[in-house]
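> I would like the atomic coordinates for the input below:
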Amino acid sequence: MPYFDAASAAPLHPVARQALTASLDEGWADPARLYKEGRRARLLLDAAREAAAEAVGCRPDELVFTPSGTAAVHSGIAGALAGRRRTGHHLIVSAVEHSSVLHAAEVHRSGGGTVTEVPVDRTGAVRPSEFGGALRPDTALACLQSANHEVGTLQPVAEAAEACRAAGVPLLVDAAQSLGWGPVEGGWSLLAASAHKWGGPSGVGLLVVRKGVRFAPRGPRDERESGRAPGFENLPAIVAAAASLRAVRAEAAQEAARLRELTERIRARVPALVPDVEVVGDPERRLPGVVTFSCLYVDGETVLHELDRAGFSVSSGSSCTSSTLTPSHVLKAMGVLSEGNVRVSLPPGTGEEDVERFLDVLPGVVAGVREKLGAPVSRTETVAEGPDEALVVDALGRRCPIPVIELAKVIGDVPVGGLVRVLSDDEAARLDIPAWCEMRGQEYVGEQPADRGAAYTVRRLS
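Numbers count the residues shown, from 1 in each chain. This next block holds a predicted model:
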């Protein structure tokens, strides 16, 4: 069964499995003790730290291991903000950061701090000028991911780091998605990552704090990991994480070229095979194994279930796969279509035949879901609005992608220049109706409040 969700968790690398098994026998003792079992465990821990530091491009004494990538992010942000509290309480993040960063930002805001979210363009990248323009005299910390987890877009970290350096502000980089492919360029100050993203075991993260960065660890402290990650180290998992990072780096150049060719194939052929598809993310500056696209008139959760039944494990940022039924914050910030969103993230070793079979299966899956959702318009009526008349589509109480389906069905019933107003209380409509207009060459007039939900007005141009 092809597994195409490596951006969530990569399969355990064979080297990680070997290292984990071996270190279970050799690394069970307390590395802080002086007897021989403890010394042996300490040697394993030091070797793992040196290997990880070499891969990151930092000094071994700048790197600590944490219980997860999320713990690394939270500790890094809290510690950096506390260390620079005399400078100010302003935090900068991009609008498409991982939820762990945004959750930490919300905690900071609730504690009285201020947060600036830097917007992104339709590819999901921040503009260096806007990121640098958000810096203020009271800025304590800036955060920018190296690559986006949902669409694979690479961020201009080096340019952002230079702007931060000039302003005397440390930059924390969430490198979880990219570290397995290579070191993060630029003069960043702090870095966080997670082993399960590169084929290591889950439950191991790493946090790097460069020398000279003011840092005050938060919470209870002990003697472990320089006081930045309290608790007994999971040494077998740490050893396996470091070993797998070194292994994937050795394979990275060759594997990146191969996976990039496969994802280019998907990017090019999906729009040709499936009508009404928007491929999202930067076509050039992106991770080698990630490609994301959104399909009009499709229930994303059903697509994922049907692909699973066909033997493909994929992910989605669609509102239809969320318990809150709201679009992913990444797709929302990009202003792209969210309905029917599919993220394909290929793990190293993915075969060409698996990609070809996926391309064979996908059109039938999408067509089948669209057929099931092809319900008639719930209720339409014509109302007067000034000099124009609007055809009103009542989609209240109906979820993604039904409001857009009903809009598409009736747009041809109004003359060129005529209006269609869609009534919807689905949060996803706020993003998907404007995205549909851009894809179909129609004019999105705007949104007005209604008794329930909102009214979205579209003008027919062709």
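
> pretty sure Arg265 is touching Val355, no?
Yes: with contacts defined as Cβ atoms under 8 Å, Arg265 counts as touching Val355 at a distance of 6.4 Å. Every residue, glycine included, has its C-beta placed from N, CA and C.

> looking at these two, which is more packed in?
A count of neighbours by other Cβ atoms under 10 Å puts Val355 above the other of Arg265 and Val355, at 21 against 15.

> who's in contact with the more buried one?
For Val355, the set of contacting residues under the criterion of Cβ atoms under 8 Å, 6 or more residues apart in numbering consists of Leu262, Arg265, Ile266, Leu346.

> turn the buried ones among these into a named ChimeraX selection, would you?
Selecting only the buried entries of the contacts of Val355 in ChimeraX, with 16 or more other Cβ atoms under 10 Å as the criterion:
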select :262,266,346
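
> now flag whichever of the contacts of Val355 is closest to Ser202.
When the contacts of Val355 are compared for distance to Ser202 (Cβ to Cβ), Leu346 wins out at 19.7 Å.

> what's that closest one sitting at in phi/psi?
In terms of degrees, to the nearest 10, the main-chain angles of Leu346 are phi -80, psi 130.

> and it, what's its pLDDT?
The per-residue pLDDT reported for Leu346 equals 97.

> how many neighbouring residues does the residue nearest to it when sequence neighbours are not counted have?
In space, Leu346 comes closest to Gly289 once its chain neighbours are excluded; the distance is 4.1 Å by Cβ to Cβ, 6 or more residues apart in numbering. Gly289 is surrounded by 26 other residues when neighbours are defined as other Cβ under 10 Å.

> ok, Gly69 next?
With neighbours defined by other Cβ under 10 Å, the count for Gly69 comes to 26.

> same question for His196.
Once other Cβ under 10 Å is used to define contacts, His196 is seen to have 23 neighbours.

> and for stretch 148-155, what's in contact with it?
Around stretch 148-155, the neighbours that count as contacts under Cβ under 8 Å, 6+ apart are 7, 94, 96, 98, 123-126, 144-147, 176-178, 280-282, 285-287, 289-292, 317, 328, 330-331, 334, 343, 345.

> hmm, 6 Å instead?
Counting contacts by Cβ atoms under 6 Å, 6 or more residues apart in numbering, the residues outside stretch 148-155 that touch it are 7, 96, 98, 123-125, 144-145, 147, 177, 280-282, 285-287, 290, 292, 317, 330.

> just stretch 74-84 next, same as before
Here stretch 74-84 makes contact (Cβ under 6 Å, 6+ apart) with 104, 140-141, 170, 172, 190, 192, 207, 214-218.

> would you mark the buried spots in it?
Neighbour counts using 16+ other Cβ under 10 Å place His74, Ser75, Gly76, Ile77, Ala78, Gly79, Ala80, Leu81, Gly83, Arg84 of stretch 74-84 among the buried residues.

> okay, that stretch in PDB with CA atoms only?
Output in PDB follows, covering the C-alpha atoms of stretch 74-84 (Å, rounded to 0.1, in the frame of the first residue of the first chain):
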ATOM      1  CA  HIS A  74       7.600  25.700  22.700                       C
ATOM      2  CA  SER A  75      10.800  25.700  24.800                       C
ATOM      3  CA  GLY A  76      12.600  27.700  22.200                       C
ATOM      4  CA  ILE A  77      10.000  30.400  21.900                       C
ATOM      5  CA  ALA A  78       9.400  30.700  25.600                       C
ATOM      6  CA  GLY A  79      13.000  30.700  26.500                       C
ATOM      7  CA  ALA A  80      14.000  33.300  23.900                       C
ATOM      8  CA  LEU A  81      11.100  35.600  24.800                       C
ATOM      9  CA  ALA A  82      12.000  35.300  28.500                       C
ATOM     10  CA  GLY A  83      15.700  35.900  27.800                       C
ATOM     11  CA  ARG A  84      14.900  39.200  25.900                       C
END
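
> inside strands: which ones of the contacts of stretch 148-155?
Using DSSP state E, the members of the contacts of stretch 148-155 that fall within strands are Val280, Val290, Thr292.

> buried subset of the contacts of stretch 74-84?
Buried subset of these (neighbour count, 16+ other Cβ under 10 Å): Ala104, Ala140, Leu141, Pro170, Leu172, Leu190, Ala192, Leu207, Arg214, Phe215, Pro217.

> could those residues go into TSV alongside secondary structure and pLDDT?
TSV is the format used below for the buried ones among the contacts of stretch 74-84 (DSSP: H, G, I helix; E, B strand; the rest coil; pLDDT from 0 to 100):
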residue	secondary structure	pLDDT
Ala104	helix	97
Ala140	strand	98
Leu141	strand	98
Pro170	coil	98
Leu172	strand	98
Leu190	strand	98
Ala192	strand	98
Leu207	strand	97
Arg214	coil	96
Phe215	coil	95
Pro217	coil	90
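
> now the phi/psi pair for Ala78, please.
Dihedral angles for Ala78 - degrees, to the nearest 10 - are phi -60, psi -40.

> how close does it get to Gly417?
Between Ala78 and Gly417 the computed distance is 55 Å (Cβ to Cβ, to the nearest Å).

> so what touches the helix or strand where Arg430 lies?
Element membership for Arg430, per DSSP states H and E: helix 429-440. For helix 429-440, the surrounding residues in contact (Cβ under 6 Å, 6+ apart) are Glu278, Pro327, Lys332, Val336, Leu337, Ser338, Glu339, Pro403, Val404, Tyr444, Tyr456, Val458.

> just checking, which of those residues belong to helices?
In helices, judged by DSSP state H, the following of those are found: Lys332, Pro403, Val404.

> now the first one: closest residue in space, sequence neighbours ignored.
Distance criterion Cβ to Cβ, 6+ apart; nearest residue to Lys332, sequence neighbours excluded, is Leu431 at 5.5 Å.

> ok, and for the helix holding Arg430, which residues are buried?
By neighbour count with 16+ other Cβ under 10 Å, helix 429-440 contains the buried residues Ala429, Arg430, Leu431, Asp432, Ile433, Pro434, Ala435, Trp436, Cys437, Arg440.

> could you chop the protein up by domain?
14-248, 252-372, 380-459 (automatic domain parsing).

> follow-up on the earlier one: which of the contacts of stretch 148-155 are buried?
Buried residues within the contacts of stretch 148-155, defined by neighbour count using 16+ other Cβ under 10 Å: 7, 96, 98, 123-125, 144-145, 147, 177, 280-282, 286-287, 290, 292, 317, 330.

> please flag which of those sit within helices.
For the buried ones among the contacts of stretch 148-155, secondary structure assignment (DSSP H) places Val330 in helices.

> and the pLDDT at Ser378?
Checking the pLDDT column for Ser378, the value is 40.

> for Pro271, same thing?
In this prediction, Pro271 carries a pLDDT score of 94.
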